[in-house]
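Asks: Mind folding the following:
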Amino acid sequence: MPVNPVIYMPFWMKQRQVKAELVNDSTVRLAAPQLPAYELEVRPTGDDHRWSAAVYEAAPEGGERKLITQYSDSFDSPMTAWEAGYELFRKAVLT
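Replies: All right, here's what the predicted structure looks like:
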């Protein structure tokens, strides 16, 4: 994936004390005070060179993670999908 999601972090993450930890090339674990851990995942949708974003509640060790929300639309680039994914996390979890 050409974009490192931990390097790009929206300004509001620092204000909300959200920490990001890279899980793999397509997933970032997000943690904020007094909230469970969440994972933001950005993946290619297939052979059409489009990208999708989804937010999951992180799973306990060996468990299944729970889908919280995802975009029904896809995006032209991974950077656009990461930007939309962070905003999706903010709207679904922090507000």
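
Asks: Model confidence at N4, what's the number?
Replies: Predicted confidence (pLDDT) for N4: 66.

Asks: And the helices in this protein?
Replies: Applying DSSP state H to the chain gives helices spanning 11-15, 78-89.

Asks: just checking, K19 touches P33?
Replies: No - K19 is not in contact with P33 according to CB atoms under 8 Å; the separation is 9.5 Å. Quick note: C-beta positions are derived from backbone N, CA and C, even for glycine.

Asks: of the two, who's got more company?
Replies: The residue with more neighbours, out of K19 and P33, is K19; 14 against 8, by other CB atoms under 10 Å.

Asks: Name whatever forms a beta bridge with that one.
Replies: Here K19 sits in beta bridges with A31, going by DSSP bridges.

Asks: List the contacts of it.
Replies: 30-32 (CB atoms under 8 Å, 6 or more residues apart in numbering).

Asks: Quickly note the distance from the residue nearest to S74 when sequence neighbours are not counted to P10.
Replies: Sequence neighbours aside, R50 is the residue nearest to S74 in space, at 3.8 Å (criterion: CB to CB, 6 or more residues apart in numbering). From R50 across to P10, the span is 22 Å (CB to CB, to the nearest Å).

Asks: Alright, I will stop here.
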